[in-house]
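*Asks:* after the sequence you'll find the predicted model.
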Amino acid sequence: MSEVRALPVPVPVPVPVPVPVPVPVPVPVPVPVPVPVPVPVPVPVPVPGKARRSPRESPSAAEAPSEQEEAKAGDPKKVEEEEEQIDIDLNAPETEKAALAIQGKFRRFQKRKKELGP
């Protein structure tokens, strides 16, 4: 008799299954919107002992600035008197050339300003 041989039984080999890789989804980032900030309005605070006067009233002697304060503030007329006076000959050829050059630059500036502006 002949010997019966058993056929080899194929063993299932595990096949690697591709695993889906999570793809990062772009998340919309909120853009900050500039919020207008209210500007505080200064509120006049009444000073105790000082009465409020109308703008038409002249200041009293106590409220009037002293001579020292006036001198510190400076008088524009006095400042002009202190400056050295320079005599410029307006009919000199150099002066006329300089004046024409300045006028030309000013006109170009005005023209550019008008073209760029509304």
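*Replies:* Here it is on my side, so go on.
*Asks:* which parts of the chain are helices?
*Replies:* Secondary structure of the chain (DSSP state H): helices located at 67-73, 76-82, 93-116.
*Asks:* just checking, what packs against the last one?
*Replies:* The elements that helix 93-116 packs onto, with contact taken as 3 or more Cβ pairs under 8 Å, 6 or more residues apart in numbering; DSSP states H and E, do not include any helix or strand. (C-beta placed from N, C-alpha, C; glycine too.)
*Asks:* for this structure, which spans come out with low pLDDT?
*Replies:* Along the chain, segments meeting pLDDT under 70 span 1-2, 43, 45-82, 118.
*Asks:* so how far is residue 32 from residue 38?
*Replies:* Separation of residue 38 from residue 32 (Cβ to Cβ, to the nearest Å): 18 Å.
*Asks:* one more: residue 108?
*Replies:* In terms of Cβ to Cβ, residue 108 sits 42 Å off from residue 32.
*Asks:* so which of these two has more stuff around it?
*Replies:* residue 108 (10 against 6; other Cβ atoms under 10 Å).
*Asks:* how close does the more buried one sit to residue 96?
*Replies:* Where residue 96 is concerned, residue 108 sits at a distance of 19 Å (Cβ to Cβ).
*Asks:* over to residue 111?
*Replies:* Distance of residue 111 to residue 96, computed by Cβ to Cβ: 22 Å.
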